[in-house]
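Student: My questions concern the predicted model and sequence given below.
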Amino acid sequence: MAIVERIAGMQEEMTAWRRDIHAYPELGFEETRTAGFVAEKLESFGLVVHRGVGRTGVVGVLRAGKGNRSVGLRADMDALPIQEANTFAHRSRHDGKMHACGHDGHTTMLLGAAKYLAQTRAFDGTVNFIFQPAEEGIGGARAMIEDGLFERFPCEAVFGMHNRPSLPVGSFAVRSGAMMAAGGFFDIHVLGKGAHGARPESSVDPVVVAAHIVTALQTIVSRNVPPVQTAVVSVTRIQAGAAYNVIPDSAQVAGTVRAFSRAVMEQMDAAVRRIAKGVAEGLGARAEVDLRWIFAPTVNHAAEAEFAASVCNEIVGVEHVDRDPQLIMASEDFSFMLEKVPGCYINIGTAEGESRCEVHNPGYDFNDRALPLGVSFFTRLVETRLRKGA
Ligand SMILES: [Zn+2]
Ligand SMILES: [Zn+2]
């Protein structure tokens, strides 16, 4: 593996950073300690630091030479509302909160890259180190974009990285095109008319209406979305009533829709509304639909994906770079940045021995052995893309 000695030598220091961040997890838009930690480190490396970009986001700017080319590197800082089950020394000190998605590792790798590049400055141009808040479904990327992220810190291209616990340490995964799914949440409020359970003729039963809506929603993927496209409609919650002998006057149906393209998302968005309202009306009830798009599809730009893969090849060898990783329907907030600026999102392997605990699990912990590999990716990316004298 082509890890420069200086980066390998940062292992101990970076492990300490990572475990410190892990011990004090903060939820989305509450990352004040983490953002402070990041900002202080960046300042100590000599970067120009901008705090409060998109509420708790931080951007560090590093310039070298006179070139006007630029690149953005992004990490996420937020934790999840999970009670940690681990008992090691760096376990969460915040009850009910946990770095169960490895964002502590992502933040540390980007800090490591900032430190190394600030010392070596073997590039010509500007690197914007983007530390975003609230990746886990509450809009941190959008908050930064709306706060003028790419106007204030122009980036020719932007790159992000997420750990993948099913992929061995010393490997990367990257593909052109769709990498992660778009995701939306919906709430359907069915309004009927309550009655005694023994007198259905006096009711407009919202439970029966909700049941028909759940069944009819299954036709979206099977009958509306083209068979060669990938889509999911999952109803994950039904709530109504409180007694055996009372027909309630309303029912709630909630769930998620996922797809790899905006076109399919739009189709599903329209279909959920049409079916819920149409079925309810047909049965004499009424349905109110609230469907929110939480994530855009994460779509890697072809040229940037090729470039990112070539950097990975250089670090771990072509045989350890999976160019066609199996797609999953999970989502990623970085998608919104990729809709504004060309770029690429890659996975870094963290699996080692038996420790393959998946993310969003109370037993998860980021594998610190992957830290130098992530730093190597970011630093080689910058040194190659913003090559001196190019
Ligand atoms: Zn996550
Ligand atoms: Zn994550």
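Tutor: That came in fine, so what should we check first? Ligands and ions are numbered 1, 2, ... in the order given.

Student: Looking only at stretch 274-282, what residues are buried by neighbour count?
Tutor: 275-277, 279-280 (16 or more other CB atoms under 10 Å). C-beta here means a position set from N, CA and C on the backbone, and glycine is covered the same way.

Student: Cross the residues you listed against helices and list the overlap.
Tutor: Residues of the buried residues of stretch 274-282 located in helices (DSSP state H): 275-277, 279-280.

Student: mind saving the C-alpha coords of the helix or strand encompassing Ile213 as CSV?
Tutor: Per DSSP states H and E: Ile213 is located in helix 206-219. Extracted in CSV, the C-alpha atoms of helix 206-219 (Å, rounded to 0.1, in the frame of the first residue of the first chain):
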residue,chain,number,x,y,z
PRO,A,206,-60.7,4.9,8.2
VAL,A,207,-59.1,1.6,9.2
VAL,A,208,-60.5,-0.2,6.2
VAL,A,209,-59.6,2.8,4.0
ALA,A,210,-56.0,2.8,5.4
ALA,A,211,-55.8,-1.0,4.7
HIS,A,212,-56.9,-0.4,1.0
ILE,A,213,-54.4,2.4,0.6
VAL,A,214,-51.5,0.2,1.9
THR,A,215,-52.4,-2.5,-0.6
ALA,A,216,-52.9,-0.1,-3.5
LEU,A,217,-49.5,1.6,-2.8
GLN,A,218,-47.9,-1.7,-3.7
THR,A,219,-48.9,-1.2,-7.3
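
Student: moving C-terminal of it, what's the next helix or strand?
Tutor: Note on helix 206-219: by DSSP H and E, the next helix or strand toward the C-terminus is strand 231-240.

Student: Sheet partners, orientation included, of that following strand?
Tutor: strand 250-259 (antiparallel) (DSSP bridges).

Student: Now find how far off-centre the partner strand is within its chain.
Tutor: 21 Å (CA atoms, centre = their mean, to the nearest Å).

Student: quick one, that strand and helix 206-219 angle?
Tutor: 10 degrees (axes from the mean of the first three to the mean of the last three CA atoms, to 10 degrees).

Student: Please shift the residue numbers so they start at 49 in all later answers.
Tutor: Shifting the count to begin at 49 puts that one at strand 298-307.

Student: looking only at pLDDT, what's the mean for strand 298-307?
Tutor: In this model, strand 298-307 carries a mean pLDDT of 97.

Student: What of stretch 189-205?
Tutor: 98.

Student: Kindly provide the distance from Gly326 to Phe426.
Tutor: The gap separating Gly326 from Phe426 is 50 Å, by CB to CB, to the nearest Å.

Student: Equivalent analysis for Ala189, please.
Tutor: From Ala189 over to Phe426 the distance is 18 Å, taken as CB to CB.

Student: who has more neighbours, the two?
Tutor: Shown here are Ala189 and Phe426; by other CB atoms under 10 Å, Ala189 has more neighbours (29 against 24).

Student: quick one: that one and Phe382, what's the gap?
Tutor: Counting by CB to CB, the gap from Ala189 to Phe382 is 6 Å.

Student: tell me, what's touching those two both at once?
Tutor: Residues touching both Ala189 and Phe382 (CB atoms under 8 Å, 6 or more residues apart in numbering) are Glu183.

Student: for the ones in helices among the buried residues of stretch 322-330, which one is nearest Asn293?
Tutor: Asn293 has its nearest neighbour among these in Ala328, at 23.9 Å by CB to CB.

Student: what sits against that closest one?
Tutor: Neighbours of Ala328 in contact, by CB under 8 Å, 6+ apart: 238-239, 257, 261, 334-335.

Student: Tell me how far it lies from Gly94.
Tutor: 61 Å.

Student: Also Ala246?
Tutor: Counting by CB to CB - Ala246 and Gly94 are separated by 77 Å.

Student: More neighbours: the two, which one.
Tutor: Gly94 (14 against 8).

Student: And the spatially most central residue of the chain, what's its pLDDT?
Tutor: Central residue of the chain (CA atoms, centre = their mean): Glu380, 2.7 Å from the mean position. With respect to pLDDT, Glu380 scores 96.

Student: go on, the one 3 residues further on?
Tutor: If you check Ser383, the pLDDT there is 97.
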